[in-house]
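Colleague: got a predicted structure plus its sequence, pasted below:
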Amino acid sequence: EADIYQTPRYLVIGTGKKITLECSQTMGHDKMYWYQQDPGMELHLIHYSYGVNSTEKGDLSSESTVSRIRTEHFPLTLESARPSHTSQYLCASSDPAYPGNTIYFGEGSWLTVV
Amino acid sequence: AQSVTQLGSHVSVSEGALVLLRCNYSSSVPPYLFWYVQYPNQGLQLLLKYTTGATLVKGINGFEAEFKKSETSFHLTKPSAHMSDAAEYFCAVSDTGTASKLTFGTGTRLQVTL
């Protein structure tokens, strides 16, 4: 079982506000990911990281930014939230040591921008 | 580039009936294949995965899937559906590079009726 935690689980915020979605994992995984999922839709990779001080853009363009200062922590930030950012954001991590390594997901953060 | 196609966005079965969720993939290299399940307002949980070796893979909750290279398929089955199986199911393919990113299908919502 994976230990990956996301906070907040649910957030309703006004347009123009800055928000940070927190993600932490206790497994020592080097690789971490952020996926975005609109209701009833597929998941799209928006950011990933190979390890500390490594961040990469994913397949879906996003106005959010990420940082990786510590192995266990991979926060996602929106400097100025807009209604188009309303979505579910899923954080994940994996251990690169194993082929076909399983990617473990957190429970997600539901963001609503009004 | 990789892609995943899940046939049928909604599948409805009676309790006790066979569950069959279809997944076809496209990959230029031997793929790693995954099935994840998502319950309402939760993150994704790994059901099973195929990396190498035996092509019939058994997962949690009585689910299994068979990798068929000639058909580029990885269909998910369960002999007897239970009400608790009602959820969204995602098939995913992973690249075998250093990023190990997952590409998801659009998902299949399984409904189980009495």
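Modeller: Sure thing, it's come through. Numbering: from 1, shown residues only, chains lettered A, B, ... in the order given.
Colleague: what's the weakest-modelled helix or strand in chain B?
Modeller: Taking mean pLDDT, DSSP states H and E as the measure, strand B:102-104 is the helix or strand of chain B with the lowest mean score, a mean of 88.
Colleague: got it, and chain A?
Modeller: Going by mean pLDDT, DSSP H and E, chain A bottoms out at strand A:103-105, a mean of 91.
Colleague: surely A:Leu43 and A:Tyr89 touch.
Modeller: No - with contact defined as Cβ atoms under 8 Å, A:Leu43 does not reach A:Tyr89; the gap is 10.1 Å. For the C-beta atoms, the positions are set from N, CA and C on the backbone; glycine is no exception.
Colleague: next, the buried residues of the least confident helix or strand of chain A.
Modeller: By 16 or more other Cβ atoms under 10 Å in any protein chain shown, the buried positions in strand A:103-105 come out as A:Ile103, A:Tyr104, A:Phe105.
Colleague: direction included, what does that strand pair against?
Modeller: strand A:87-94 (antiparallel) (DSSP bridges).
Colleague: run through who's touching the partner strand.
Modeller: Strand A:87-94 has contacts (Cβ atoms under 8 Å, 6 or more residues apart in numbering or on different chains) with A:2, A:4, A:6, A:21, A:23, A:25, A:27, A:29, A:31-39, A:43, A:74, A:76, A:101-106, A:108-111, B:43-44, B:100.
Colleague: from the chain's centroid, how far away is the least confident helix or strand of chain A?
Modeller: 11 Å (Cα atoms, centre = their mean, to the nearest Å).
Colleague: ok, now stretch B:72-84?
Modeller: That offset, for stretch B:72-84, works out to 8 Å (Cα atoms, centre = their mean).
Colleague: what's the mean pLDDT across that stretch?
Modeller: Mean per-residue pLDDT for stretch B:72-84: 96.
Colleague: mind listing what's buried in that stretch?
Modeller: For stretch B:72-84, burial by neighbour count (16+ other Cβ under 10 Å) applies to B:Ser73, B:Phe74, B:His75, B:Leu76, B:Lys78, B:Ala81.
Colleague: could you do stretch B:91-107 as well?
Modeller: Neighbour counts over stretch B:91-107 (16+ other Cβ under 10 Å) mark B:91-95, B:99-105, B:107 as buried.
Colleague: so A:Thr65 versus chain B, what's the distance?
Modeller: A:Thr65 sits 19 Å away from chain B, going by Cβ to the nearest Cβ, to the nearest Å.
Colleague: contacts only, for that residue.
Modeller: A:Leu76, A:Thr77, A:Glu79 are the contacts of A:Thr65 under Cβ under 8 Å, 6+ apart.
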